[in-house]
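Visitor: sequence plus the predicted model coming up.
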Amino acid sequence: MKTFKKLLFLFVFFYLSTVSGVLAQCAMCRSTLENNVSNGEIGIAAGINFGIMYLFVTPYLVIGVIAYFWYKNSKKNVEKIKRASYS
């Protein structure tokens, strides 16, 4: 139970410590985009949007690849167990 409380405390601490940093970064990005778009520079806005999409897709892609290999490996292990039980 003590371990759970420590882990919960650490999770809440790290979560709360990053919230202010994330909100500040969003405001900075938004102000940069607004200034550049109002000046007619669309290239920077497209680059930032591409960066946001890259950061959004990458974790899901990594999790998907890990899940695929995990599935293939577990399926292979099930077949080995079935073959061993029939022998």
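Guide: Sure thing, it's come through.

Visitor: what number of residues lie near residue 29?
Guide: By other Cβ atoms under 10 Å, 14 other residues sit near residue 29. In short, each C-beta sits where N, CA and C put it, glycine included.

Visitor: ok, and the closest non-adjacent residue to it?
Guide: residue 48 (6.1 Å; Cβ to Cβ, 6 or more residues apart in numbering).

Visitor: now name the helix or strand holding the one you found.
Guide: Secondary-structure assignment from DSSP states H and E places residue 48 in helix 43-86.

Visitor: what mean pLDDT does that helix have?
Guide: Here helix 43-86 scores 86 as its mean pLDDT.

Visitor: mind giving me the packing neighbours of that helix?
Guide: Secondary structure elements in contact with helix 43-86, counted by 3 or more Cβ pairs under 8 Å, 6 or more residues apart in numbering; DSSP states H and E, are helix 2-38.

Visitor: doesn't residue 34 make contact with the residue nearest to residue 29?
Guide: No. Taking contacts as Cβ atoms under 8 Å, residue 48 lies outside contact range of residue 34: 11.4 Å.

Visitor: those two: which is more packed in?
Guide: The residue with more neighbours, out of residue 48 and residue 34, is residue 48; 15 against 11, by other Cβ under 10 Å.

Visitor: who's in contact with the more buried one?
Guide: 29, 32-33 (Cβ atoms under 8 Å, 6 or more residues apart in numbering).

Visitor: can you tell me how far it sits from residue 58?
Guide: 16 Å (Cβ to Cβ, to the nearest Å).

Visitor: closest to the centroid, which residue in the chain?
Guide: For the chain, residue 59 is the residue whose C-alpha lies nearest the centre (Cα atoms, centre = their mean; 3.7 Å).

Visitor: list the contacts of that one.
Guide: By Cβ under 8 Å, 6+ apart, residue 59 lies in contact with nothing.

Visitor: what are the buried residues along stretch 55-75?
Guide: Residues of stretch 55-75 include none that count as buried (16 or more other Cβ atoms under 10 Å).

Visitor: kindly report the same for stretch 29-48.
Guide: In terms of neighbour count (16+ other Cβ under 10 Å), stretch 29-48 has its buried residues at 33, 36.

Visitor: if anything else comes up later, I'll come back, but that's it for now.
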